[in-house]
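Q: Kindly generate the corresponding structure for this input.
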Amino acid sequence: MKVEIRTFYEDHKNGELLETWRLGSNGHATCDDSSKQAEVEQDGIIGKGGRKYFPKDGEAFLRNYPYEYANSSFTRAIIIE
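A: Below you'll find the predicted structure:
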């Protein structure tokens, strides 16, 4: 399972890939951008119902990542299974 974070601006209609999160073999979510990984490990994300999730929450973290960008017009988290 993975989640792609993409930005959609007028000149990027198909979405420019910003980062990719994957479920690691240890059950934790990992990001291909180490600075984003460190930021989210410290701060977490806000998922469905306002609950906070961290990469150590694994699949639940990945499934709730789209809620982090729910109010954004330009950035989306897309679940790829």
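
Q: only C-alpha atoms for contact and neighbour calcs from this point on.
A: Fine.

Q: Would you report the backbone torsion angles of residue 14?
A: phi -90, psi 0 (degrees, to the nearest 10).

Q: Buried ones in stretch 11-25, by neighbour count?
A: In terms of neighbour count (16 or more other CA atoms under 10 Å), stretch 11-25 has its buried residues at 15, 19-24.

Q: again, but for stretch 29-49
A: For stretch 29-49, by 16+ other CA under 10 Å, it's 29-31, 37, 41, 44-47.

Q: Just these: which are in strands?
A: Using DSSP state E, the subset of these located in strands is 29-31, 45-46.

Q: In the protein, spot the strand with the most residues.
A: strand 16-23.

Q: And that strand, what does it pack against?
A: strand 2-7, strand 29-31, helix 59-68 (3 or more CA pairs under 8 Å, 6 or more residues apart in numbering; DSSP states H and E).

Q: So what are the sheet partners of the helix or strand bottoming out on mean pLDDT in the chain and their directions?
A: The helix or strand of the chain with the poorest confidence is strand 75-80; it has a mean of 92 (mean pLDDT, DSSP states H and E). Using DSSP bridges, the strands paired with strand 75-80 in its sheet are strand 2-7 (antiparallel).
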